[in-house]
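# sequence and predicted model, in that order:
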Amino acid sequence: MRENQNVWIAGIVGTVLFALVMDLIPTIHGPRLNVALWDGSFVTLNLSVAIIVGYVLEFLIGVGLAALYHKYWTFGSENPVLRGLLFGVATWAIFMAIGVPIFDRVSPLVQNGLMLGPGAFLWRMGIMAPVTWLIASVLYGSTVGYVMERRLTLSHR
């Protein structure tokens, strides 16, 4: 029971930090990567609703990835932050190489001409787009690793 709670907490905290990076990076003239809108547009093209739905989906994905981390991720250091960092890099690489090209082909935003397809590794959005996503993914992964280890340690006392 506590392990499930740990997964939810780690996934939510990690996703909050991921979303903050994505939402705040345009304030320092970085690329606008509206992941919530991208996710929500698979449910509706009403953009106001899509953002809300997208955040729900984003958090569910974050918790799902935290569950995968907890159950299967054994690569890397004994240090949970470094192990989580590697998980963040791995999820970034998989998303950039597989997820974004699939998004290009099936996204209602792209298919309806509301958005240019970003291309593999977000190459059509400039170099800072994949770098921003990498920073957010590393922050997500290292946070999940830290919170998961911290919460599991506390729950075993």
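Here it is on my side, so go on.
# from residue 133, how far out is residue 107?
Distance of residue 107 to residue 133, computed by Cβ to Cβ, to the nearest Å: 16 Å. Quick note: C-beta positions are derived from backbone N, CA and C, even for glycine.
# please apply the same query to residue 105.
19 Å.
# look at those two and report which has more neighbours.
residue 133 (24 against 9; other Cβ atoms under 10 Å).
# any weak-confidence spans in the chain?
Along the chain, segments meeting pLDDT under 70 span 1, 151-157.
# can you do 80?
Within the chain, the ranges that satisfy pLDDT under 80 run 1-3, 151-157.
# how about the strands in it?
Read by DSSP state E, the chain holds no strands at all.
# the longest helix anywhere in it: how far from the chain's middle?
Longest helix in the chain, counting residues (DSSP state H): helix 128-155. Helix 128-155 sits 10 Å away from the centroid of its parent chain (Cα atoms, centre = their mean, to the nearest Å).
# which strands and helices sit next to that helix?
helix 2-24, helix 47-72, helix 80-94 (3 or more Cβ pairs under 8 Å, 6 or more residues apart in numbering; DSSP states H and E).
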